[in-house]
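[1] what would the 3D arrangement of this be:
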Amino acid sequence: MCALAVAHQSFNHLPKSPATLVMLTMMHELDTTRTLLESALAQLHMSTRPPSYTLH
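    Numbering: from 1, shown residues only. Down below sits the predicted model:
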């Protein structure tokens, strides 16, 4: 996550060549994939937990 932020900031200061735009797009896609995977893992974790019953 930290490396992704550093890379993103360094690319923001470069001229917008086609290669830079491809790298920015790739970093965006990787970040989106990471977010989706974290969400899926959280949902999987929540679905495998036994139900918690309270006395309320």
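[2] neighbours of Leu24, how many?
    16 (other C-beta atoms under 10 Å). Every residue, glycine included, has its C-beta placed from N, CA and C.
[3] how about Thr32?
    Using other C-beta under 10 Å, Thr32 is surrounded by 10 other residues.
[4] for Glu29, same thing?
    Residues within reach of Glu29, counting by other C-beta under 10 Å, total 10.
[5] now Leu30
    Other residues close to Leu30 by other C-beta under 10 Å number 12.
[6] hmm, it is touching Ala7, no?
    No: using C-beta atoms under 8 Å, Leu30 makes no contact with Ala7, being 9.8 Å away.
[7] quick one: buried residues of the longest helix along the chain?
    Assignment by DSSP state H gives helix 18-48 as the longest helix of the chain. Buried residues in helix 18-48, counting neighbours by 16 or more other C-beta atoms under 10 Å, are found at Met23, Leu24.
[8] can you name every helix or strand that that helix contacts?
    Here helix 18-48 touches helix 2-12, going by 3 or more C-beta pairs under 8 Å, 6 or more residues apart in numbering; DSSP states H and E.
[9] other SSEs contacting the helix it packs on?
    Other elements packing on helix 2-12 under the criterion 3+ C-beta pairs under 8 Å, 6+ apart are helix 18-48.
[10] run the chain-centre distance for the helix it packs on.
    Chain-centre distance of helix 18-48: 4 Å, with C-alpha atoms, centre = their mean, to the nearest Å.
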